[in-house]
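J.: Need coordinates for the below:
(one chain, ligands or ions: 1)
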Amino acid sequence: MAHAQDQILTPPAGNTIVPQKEREGIDLEINGRAFRHTGDSQMPLLWYLRDVLRLTGTKYSGEHGEGGHDLVLVDGKLASSSQLPMVELAGKAVTTVEGLAAADGKLHPLQQAFVDEDAIGCGYCTPGWLMASLDLLNRHPQPSDNDIDQMPNLCRCGCQTRVRRAIKRAATGGHA
Ligand code: FES
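T.: You can find the predicted model right below:
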């Protein structure tokens, strides 16, 4: 006589269900969490972030990323998320604007400096500015006006002067 456990594990005659192996995909890390993308390998990172993960801080910035609204860090380097297909991100670590604040909600010093200098108009360009500013301060801890003016970001609200002050405030530890 079969045990109860055997009865559960033995498929009935004619069963056509075939166990599937684990879905293959592209493994990457985003803001410190592991993800596996199992869709189109050519999907740009921008749309994976926005449409799949609902991380909508990173913005569309034109077909070629002009304007810098789509910027993220990939393994610590500034990158245009609209120009990066998912296939190129296997094993990489991505940081988006959502990854800047601490787990308890405390703003990153750059975010705080943007608030303190009122460097945010409509806000569309702000995530790109923040990511590019982080990259700039990593490379130039005390950036000159020229360093800041070389950044790829555009702002239609005319916040450039206040952004410049915010970056310098962050560079001096939050002091204006
Ligand atoms: S704050 Fe509106 S585009 Fe920059």
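J.: all contacts plus neighbour counts: C-alpha atoms, from now on.
T.: Will do.
J.: From Pro85, how far out is the most centrally placed residue in the chain?
T.: For the chain, the residue nearest the mean C-alpha position is Thr96 (2.3 Å; C-alpha atoms, centre = their mean). Using C-alpha to C-alpha, to the nearest Å, we find Thr96 at a distance of 16 Å from Pro85.
J.: try Gly173
T.: Distance from Gly173 to Pro85, by C-alpha to C-alpha: 36 Å.
J.: Tell me which of the two has more neighbours.
T.: Between Gly173 and Pro85, Pro85 has the larger neighbour count (other C-alpha atoms under 10 Å), namely 17 against 11.
J.: ok, the more buried one touching Trp47?
T.: No - here Pro85 lies out of contact with Trp47, judged by C-alpha atoms under 8 Å, at a distance of 9.7 Å.
J.: Scan the chain for its longest helix.
T.: The longest helix of the chain (DSSP state H) is helix 126-139.
J.: neighbouring contacts of the following helix or strand past that helix?
T.: In the C-terminal direction, the helix or strand that comes right after helix 126-139 (DSSP states H and E) is helix 145-149. Residues from elsewhere that reach helix 145-149 (C-alpha atoms under 8 Å, 6 or more residues apart in numbering): 136, 164.
J.: Show me which parts of helix 145-149 are buried, residue by residue.
T.: Of the residues in helix 145-149, Ile148 count as buried by neighbour count, 16 or more other C-alpha atoms under 10 Å.
J.: That helix: how far from the chain's middle?
T.: In terms of C-alpha atoms, centre = their mean, to the nearest Å, the gap separating the centre of helix 145-149 from the centre of its chain is 24 Å.
J.: Going forward, the N-terminal residue is numbered 778.
T.: Renumbered: residue one is now 778, and that last one reads helix 922-926.
J.: Could you export it as PDB, CA atoms only?
T.: Listed next in PDB are the C-alpha coordinates belonging to helix 922-926 (Å, rounded to 0.1, in the frame of the first residue of the first chain):
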ATOM      1  CA  ASP A 922      32.500  77.000 -11.500                       C
ATOM      2  CA  ASN A 923      34.000  75.700 -14.700                       C
ATOM      3  CA  ASP A 924      33.800  72.100 -13.500                       C
ATOM      4  CA  ILE A 925      30.100  72.600 -12.700                       C
ATOM      5  CA  ASP A 926      29.400  74.400 -16.000                       C
END
